[in-house]
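Chemist: fold the following for me, if possible:
(chains A and B)
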2 protein chains.
Amino acid sequence: MSPRRPTPEELLDAAAAGDRVSLARLLSVVERGGGPSSEVARLVYASAPPYTVGVTGAPGSGKSTLTNKLVAVARRPEAQPEPVSRVGVLAVDPSSPFSGGAILGDRVRMQEHATDPSVFIRSMATRGHLGGLALAVPDAVRVLGAAGFPLVIVETVGVGQMEVEVASAADTTLVVVTPGWGDAMQASKAGLLEIADLFVVNKADRPGVDEARRDLRQMLDLSPASDWRPPVLATVASTGEGVEELWVAVARHREHLESTGVLGRRREARLAQELRRVLTARALEEVRLLGEGARFGEVVRAMAEGKLDPYRAADDLLDERGG
Amino acid sequence: MSPRRPTPEELLDAAAAGDRVSLARLLSVVERGGGPSSEVARLVYASAPPYTVGVTGAPGSGKSTLTNKLVAVARRPEAQPEPVSRVGVLAVDPSSPFSGGAILGDRVRMQEHATDPSVFIRSMATRGHLGGLALAVPDAVRVLGAAGFPLVIVETVGVGQMEVEVASAADTTLVVVTPGWGDAMQASKAGLLEIADLFVVNKADRPGVDEARRDLRQMLDLSPASDWRPPVLATVASTGEGVEELWVAVARHREHLESTGVLGRRREARLAQELRRVLTARALEEVRLLGEGARFGEVVRAMAEGKLDPYRAADDLLDERGG
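Modeler: Below you'll find the predicted structure:
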């Protein structure tokens, strides 16, 4: 006899008590979407949301190593303003069909935290329908929050439209570039200039770091003025150089968001966007179901006989919906 | 005092009597979409649909010249099975924001029909929302049918996804390639193999025409067997060589579709697809309107306060819809 399947409530209680397997199972439910996912979402929704840091940038810019070092710095006893008790990392790869931990190659770099029960690292990928990740990531962030993680770092693998969307749906978004001609320009083209709260020139032991910083600053000079000008930091993630300063800059941005009330407004705007996505997914699902119904075939036949035009046919089907 | 705006009925009556300006106005209404477009669609829906021939292929394959010559051949007194009384041409360019006649560069090639009142040529482009063309083209085809055009040729400019969709939504779809290594392969990659009812190797006065025909036939050998094997024809559209044979092949395909009952089934499948598109457009419009409503802001605020999760929020908004 197989043991009874634990309920989402039981999984969440166990996750909050430190059970990583339960946490992983909850995240899998969220990732798969559908009804069970909404159930989990409802369960965690009332919890205080964790602070989220998004990390994005071109492949090869060293985002994983940097994330790895940021986790270590945030956890140190001497971290400012205070050490973070638990850190969750979501490594999001919309181009991969795989997910669930150490499957992505660069996840191995995170191994140094593998024995730290206060750090939870999870890869997320598209399981099924397009756009599903954009819905699953905020839910996964809230699951981590409800399980007692006050900080979640969302790292995206590439710089496609979906990656930029996912990374920018954070409280503080870091855009990572490397020294080298044109990188700043690339960042601008990919729409990264608009979403960056902080710029990081990583691999700053390579030539061209000053030029990269200068290019980014010049581009920022051309951007519309705002009450937060993204600082441009330099790091060598592989040695940890500059990562403490980066963490201080993240904390400073957070303080800015909190003191100005921007944090609340940003989160509300993100929630509105999320609600639009849920509504769109529901609406498209309704259309799919209508297309499978018996009435659909009847209506198409009436159209083929010239008795009904597609617009009236659509009105008829929509009116009958749920009636 | 400006004259009263003619009703769609009046425009259609005038168009059927040969007034090209009224016909152009009706097509503009259809292209713009929205309420007035549905009104026109309702008006023309009961008319017998015209026979549609889709023409697609890579840029530079000579589709416009070929379409031009096909129109001439179909109109000749000796045309088989009988000359076509009126021919409509819709030149569709989803990548262009322009439409309405001679704006596309290659439209000038169609000028030889400019003085023939039985030929009506119209460029269509994306006016506004994405996917709008996929809805507007079948409506435009029906407008031409209701205005007394028994044959409509839908020519697409490129070979993107939208072009392929538009061209394949015809009764007979011609895929045009040119001699040259890899063209057949390209056609296969672009999904053209699946939609072709006839292949045309145009510019057949150039070297490589035999290889191109052979490549296409070999690919067809690898395709699943069907009761219609697409013939591979060769034309030189600039001189008209082979275009009569092409028109005979189109007539033969039409006869095949009619005698087997496939024509009715295909048209019904297209109508089902069209209805799904209308339903999707309506559903997304509903979501857009929900997002602008006063309730949306209230619901987002409740979400921000942790009182409501996005899934329940979506349910609430959808339940209140139209209530």
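
Chemist: going forward, measure contacts between C-alpha atoms and count neighbours the same way
Modeler: Noted.

Chemist: could you say which helix or strand holds the residue in the stretch 201-323 of chain A positioned nearest to chain B?
Modeler: Proximity to chain B, evaluated over the stretch 201-323 of chain A using C-alpha to the nearest C-alpha, is greatest for residue A:306 at 4.5 Å. Secondary structure here is read from DSSP states H and E; on that basis residue A:306 sits in neither a helix nor a strand.

Chemist: for residue A:175, grab phi and psi.
Modeler: The main-chain torsion angles of residue A:175 are listed as degrees, to the nearest 10 and equal phi -110, psi 120.

Chemist: where does chain A have low pLDDT?
Modeler: For chain A, applying pLDDT under 70 flags the ranges A:1-2, A:94-112, A:114, A:126-131, A:158-159, A:181-190, A:322-323.

Chemist: around chain B, pick out the residues from it.
Modeler: Taking C-alpha under 8 Å from any C-alpha of the partner chain, the part of chain A that reaches chain B is made up of A:38, A:41-42, A:45-48, A:267-268, A:271-272, A:274-276, A:278-280, A:283-284, A:287, A:291, A:297, A:300-301, A:303-304, A:306-314, A:318.

Chemist: quick one: the longest helix seen in chain A to helix B:262-292, angle?
Modeler: For chain A, the longest helix by residue count, based on DSSP state H, is helix A:262-292. For helix A:262-292 and helix B:262-292, the angle between their directions (axes from the mean of the first three to the mean of the last three C-alpha atoms, to 10 degrees) works out to 150 degrees.

Chemist: where along the stretch 201-323 of chain A do the strands fall?
Modeler: For the stretch 201-323 of chain A, strands defined by DSSP state E, counting those that start in this stretch occupy the ranges A:232-234.

Chemist: quick one: buried ones out of the residues of chain A next to chain B?
Modeler: With burial judged by 16 or more other C-alpha atoms under 10 Å in any protein chain shown, the buried subset of those is A:38, A:41-42, A:45-46, A:267-268, A:271-272, A:274-276, A:278-280, A:283-284, A:287, A:291, A:300-301, A:303-304, A:306, A:308-314, A:318.

Chemist: for residue A:76, what are phi and psi?
Modeler: Backbone geometry at residue A:76, expressed as degrees, to the nearest 10, gives phi -60, psi 150.

Chemist: show me the domain layout of chain A.
Modeler: Per the record, chain A has its domains at A:46-259, A:275-320, by automatic domain parsing.

Chemist: now render these as a markdown table, adding distance to residue B:225.
Modeler: A markdown table is the format used below for the domains of chain A (distance: least, C-alpha to C-alpha, whole Å):
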| stretch | distance to residue B:225 |
| --- | --- |
| domain A:46-259 | 31 |
| domain A:275-320 | 28 |
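
Chemist: and the gap between residue A:3 and residue A:26?
Modeler: When C-alpha to C-alpha, to the nearest Å is applied, the distance between residue A:3 and residue A:26 equals 18 Å.

Chemist: now do the contacts for residue A:22.
Modeler: Neighbour list for residue A:22: A:11-12, A:14-15 [criterion: C-alpha atoms under 8 Å, 6 or more residues apart in numbering or on different chains].

Chemist: in a markdown table, list those along with neighbour count and secondary structure.
Modeler: Written out in a markdown table, the entries for the contacts of residue A:22 read as follows (neighbours: other C-alpha atoms under 10 Å in any protein chain shown; DSSP: H, G, I helix; E, B strand; the rest coil):
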| residue | neighbour count | secondary structure |
| --- | --- | --- |
| A:11 | 22 | helix |
| A:12 | 25 | helix |
| A:14 | 16 | helix |
| A:15 | 22 | helix |
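
Chemist: identify, from the residues you listed, the entry nearest to chain B.
Modeler: Proximity to chain B was ranked across these by C-alpha to the nearest C-alpha; first place goes to residue A:12, at 16.7 Å.

Chemist: you'd agree that closest one is up against residue A:25?
Modeler: No. With contacts counted by C-alpha atoms under 8 Å, residue A:12 stays clear of residue A:25, the gap being 9.6 Å.

Chemist: residue A:37: how many residues sit nearby?
Modeler: Look at residue A:37: counted by other C-alpha atoms under 10 Å in any protein chain shown, it has 22 neighbours.

Chemist: do residue A:9 as well
Modeler: A count of nearby residues for residue A:9, using other C-alpha under 10 Å, gives 14.

Chemist: with residue A:77 instead?
Modeler: 11.

Chemist: before we move on, what about residue A:294?
Modeler: The tally of other residues near residue A:294 (other C-alpha under 10 Å) stands at 9.

Chemist: how much space between it and residue A:300?
Modeler: Distance from residue A:294 to residue A:300, counting by C-alpha to C-alpha: 10 Å.

Chemist: which residues are in contact with each of these two?
Modeler: With C-alpha under 8 Å, 6+ apart applied, the contact sets of residue A:294 and residue A:300 do not overlap.

Chemist: list the contacts of residue A:143.
Modeler: By C-alpha under 8 Å, 6+ apart, the residues touching residue A:143 are A:26-27, A:40-41, A:44.

Chemist: which one of these is nearest chain B?
Modeler: The closest of these to chain B turns out to be residue A:41 (C-alpha to the nearest C-alpha; 6.9 Å).
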